[in-house]
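Chemist: Okay, predicted coordinates and the sequence, questions at the end:
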Amino acid sequence: MKSGARMASIHNLDSSIVIIGCGISGIGAAQKLIKNGFRNVRIIEATARSGGRIRTGRMGNNIIEVGANWIHGPCEENPVFCLARQYGLLDPESLTPENQAMDIGGHPPWVPNWFSSSGRKLDVEEMAPAVSLFAELLEQSTDFTQGGETWASVGEFLRAQVPRQAAKQWRGEQASTRALRLSMVSTLLKTECCVSGTHSMDLVGLGAFGLYKTLPGLDCTFPRGYDGLIDNMMKELPGGIVSYGRPVHCVHWGGDRTGDTGQTPVVVECRDGERIPADHVIVTVPLGYLKKHHATLLSPPLPLHKQHSVQRLGFGTNNKIFVEFESPWWDADCEVIYLVWEDEVDLVDQVSDVEKFWMKKLFGFTVLKPTERYGHVLCGWIAGHESEYMETLTEQEVTHAITHLIRKFTGNPIITPRRILRSQWFLDPWTCGSYSYTATGCSGQDIDNLAEPLPSRGGQSQPLQVMFAGEATHSRFFSTVHGALLSGWREADRLISHYSPPNVPEPMRSKL
Ligand code: 6YU
């Protein structure tokens, strides 16, 4: 019997669908499938909680976001914004039409305080040209399209352009001012490593840098925590749909459904030995996990072109270090504190000796606002191997290093943090890093390959056995929550269309 004929023998809406991972992409896929009438949907989650990289924590009385922070581009096109609005989770100012219309790539430049390694507070006006030069060149980095670029990476491009432009634009300046501005550019390069979630901008491909698209709207936060979004979405799912604390070991695919024996084309094998039969599996594990475990997670293994894309795409670490103080040592209007190492005139975004100098990679701190809500809390940002090394240290060692750093840069020998809390995304065995980026040598085709279902096109066996969602599979919004949610909906839609015969009205299809 041909697989198409066999397909007709099962009731479409009874197809068993297993979703691996209860992050927002998995929750979104389940939500859409269930709203469209699928009755046999299960989510298998390795940890004891929902939300994955959306994780709201507490530091004393404060809410802090250990993972995702902002809704990037809160506008009508952003489904995370629309859901958050529907659930009543946002502040009134985030909802204004003016806020949604503002198209400036995220947020207006933050009000900075700059401190240097010799313990000086730098003059913002005098240093502003470094910020505008960097912003201009970063913008230019997104204009390249695949193929034949002189520079392979964003880092190489910036390293070639910055000194050239600096020599031209800052000709009349004192050598010391020029040097300080170049050191500032190193700080901005490290900031960009955090934004891209990479060890170094030398690893971020120039040709693919423009693939990431920003949406209009001023980035906003969830005043009562990002996990409110997850809680509300979970409430819409049937109780008991998620099996928690159940890591999936292997997805056995490539079989054929046989109506007679009840055998399904896919079997999901959990680490505890349970074997779950499925018609379709949606894999939403992070790319970091897939990079480490794809050889054992799928049997038979991924086809070569998918394996190569998993390897080529980038997945790096960006961590936060929250630091609370009794009283502020920064200006009242300050939104970001940048730390400038005066010896970094040569545009560096990596340290020479990670164990000794890891803290040099921390570009600075954002200030949690409003103060009435958070008190005096800073969020330090650190990316790359230095960040991964930081994760291995004790909280006491991190506290000691951060205290020393702040004392050195402020010139104040007695500043003492009240408490510290850091994220550890690289050591998280189910994430293995923070988020994806387009590495050198990869293109949009790699993202499409990652998202391609198994068996690959043209095969004879039953289609859509294993499907792939998650932030890294979204071709324009990778690395974001909205990209992840849209990818889950995309795979749900794929199944919905698969089971909707052409030219038949689809009364069941609901709009999410
Ligand atoms: C955003 C933001 N944000 C900061 C930090 C991080 C991320 N992001 P999940 O991992 O959630 O779910 C998978 C589940 O699978 C999980 O529960 C696992 O436990 C489970 N699992 C794994 N293995 C399993 C197994 N074997 N068996 C069973 N289960 C298993 N995004 O929109 N705004 O401010 C930030 C930030 C520190 C770590 C972020 C932000 C990224 C999002 O958090 C992330 O994309 C989604 O939550 C992922 O959801 P998911 O479902 O796919 O996976 C030009 C250019 C550059 C491009 N970059 C631009 C920068 C934009 C990104 N900015 C990020 C910044 C911050 C601060």
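Modeler: Perfect, thanks for sending it. Remember, predicted model here, so these are calculated numbers, not experimental data.

Chemist: could you check whether the helix or strand where Trp489 lies is close to the ligand?
Modeler: With elements delineated by DSSP states H and E, Trp489 resides in helix 481-499, which encompasses its position. Yes: with CB under 6 Å from any ligand atom as the criterion, the ligand is reached by helix 481-499 at Val481, Ala484. Using the backbone N, CA and C atoms, a C-beta is placed for each residue, glycine as well.

Chemist: That helix packs against which elements?
Modeler: With contacts defined as 3 or more CB pairs under 8 Å, 6 or more residues apart in numbering; DSSP states H and E, helix 481-499 has these neighbours: helix 24-35, helix 79-86, strand 280-283, strand 466-468.

Chemist: can you give me the angle that helix makes with helix 79-86?
Modeler: 100 degrees (axes from the mean of the first three to the mean of the last three CA atoms, to 10 degrees).

Chemist: Name the nearest residue to Gln325, sequence neighbours excluded.
Modeler: For the record, residue 325 is Phe, not Gln. Nearest-residue entry for Phe325: His376, 4.5 Å, with adjacent residues in sequence omitted and distances by CB to CB, 6 or more residues apart in numbering.

Chemist: Dump stretch 390-397 to CSV, keeping only the CA atoms.
Modeler: C-alpha atoms of stretch 390-397 as CSV (Å, rounded to 0.1, in the frame of the first residue of the first chain):
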residue,chain,number,x,y,z
MET,A,390,32.8,33.2,34.2
GLU,A,391,30.1,30.6,34.5
THR,A,392,32.6,28.1,35.9
LEU,A,393,33.6,30.5,38.8
THR,A,394,31.8,30.6,42.2
GLU,A,395,29.4,33.4,42.9
GLN,A,396,32.0,34.7,45.4
GLU,A,397,34.7,34.8,42.8
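
Chemist: hmm, who's touching it?
Modeler: With contact meaning CB atoms under 8 Å, 6 or more residues apart in numbering, stretch 390-397 is reached by 317, 319, 321, 358-359, 382, 398, 401, 420-422, 424-427.

Chemist: Count the neighbours of the nearest residue to Ile27 once chain neighbours are set aside for me.
Modeler: In space, not counting the residues next to it along the chain, Ile27 is nearest to Met233; the distance is 5.0 Å by CB to CB, 6+ apart. For Met233, the neighbour count with other CB atoms under 10 Å is 19.

Chemist: is it true that Met233 touches Gly26?
Modeler: No: here Met233 does not reach Gly26: they are 10.4 Å apart, not a contact under CB atoms under 8 Å.

Chemist: ok, so what distance separates the closest residue to Asn412 other than its chain neighbours from Val323?
Modeler: Using CB to CB, 6+ apart and skipping the chain neighbours, the partner closest in space to Asn412 is Trp329 (6.7 Å). Trp329 sits 11 Å away from Val323, taking CB to CB, to the nearest Å as the criterion.

Chemist: coming back round to it: take the contacts of stretch 390-397 and keep only those in strands.
Modeler: Asn319, Ile321, Ile382, Ile420, Leu421, Arg422 (DSSP state E).

Chemist: show me what contacts the fourth one?
Modeler: Read it as Ile420. Taking CB under 8 Å, 6+ apart, one finds Ile321, Phe322, Val323, Glu324, Glu395, Val398, Thr399, Ile402 in contact with Ile420.

Chemist: shouldn't the first one be in contact with Pro417?
Modeler: Read it as Ile321. No: counting by CB under 8 Å, Ile321 stays clear of Pro417, with 9.9 Å between them.

Chemist: So between these two, which is more surrounded?
Modeler: Ile321 (23 against 18).

Chemist: how close does that one get to Leu393?
Modeler: Distance, Ile321 to Leu393, by CB to CB: 11 Å.

Chemist: same deal with Asp202?
Modeler: Counting by CB to CB, the gap from Asp202 to Leu393 is 25 Å.

Chemist: Name the residue in these two with the higher neighbour count.
Modeler: Relative neighbour count places Asp202 above the other of Asp202 and Leu393, with 20 against 15, counting by other CB under 10 Å.

Chemist: Am I right that that one is in contact with Phe157?
Modeler: No: using CB under 8 Å, Asp202 is not in contact with Phe157, being 10.0 Å away.

Chemist: Which residues of the stretch 1-150 of the chain lie near the ligand?
Modeler: Taking CB under 6 Å from any ligand atom as the criterion, the neighbours of the ligand within the stretch 1-150 of the chain are 20-26, 44-47, 52-54, 67-70, 72.

Chemist: Okay, and which of those residues map to strands?
Modeler: In strands, judged by DSSP E, the following of those are found: Ile20, Ile44.

Chemist: sorry, back to before: dump the ones in strands among the contacts of stretch 390-397 to JSON lines, plus pLDDT and distance to Asp227.
Modeler: JSON lines is the format used below for the ones in strands among the contacts of stretch 390-397 (pLDDT from 0 to 100; distance: CB to CB, whole Å):
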{"residue": "Asn319", "pLDDT": "98", "distance to Asp227": "19"}
{"residue": "Ile321", "pLDDT": "98", "distance to Asp227": "20"}
{"residue": "Ile382", "pLDDT": "98", "distance to Asp227": "23"}
{"residue": "Ile420", "pLDDT": "97", "distance to Asp227": "22"}
{"residue": "Leu421", "pLDDT": "97", "distance to Asp227": "16"}
{"residue": "Arg422", "pLDDT": "98", "distance to Asp227": "19"}
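
Chemist: Mind picking the two most distant members of those?
Modeler: Ile382 and Leu421 (13.8 Å; CB to CB).

Chemist: just for the protein, where's the confidence low?
Modeler: 1-11, 146-148, 257-262, 457-460, 501-512 (pLDDT under 70).
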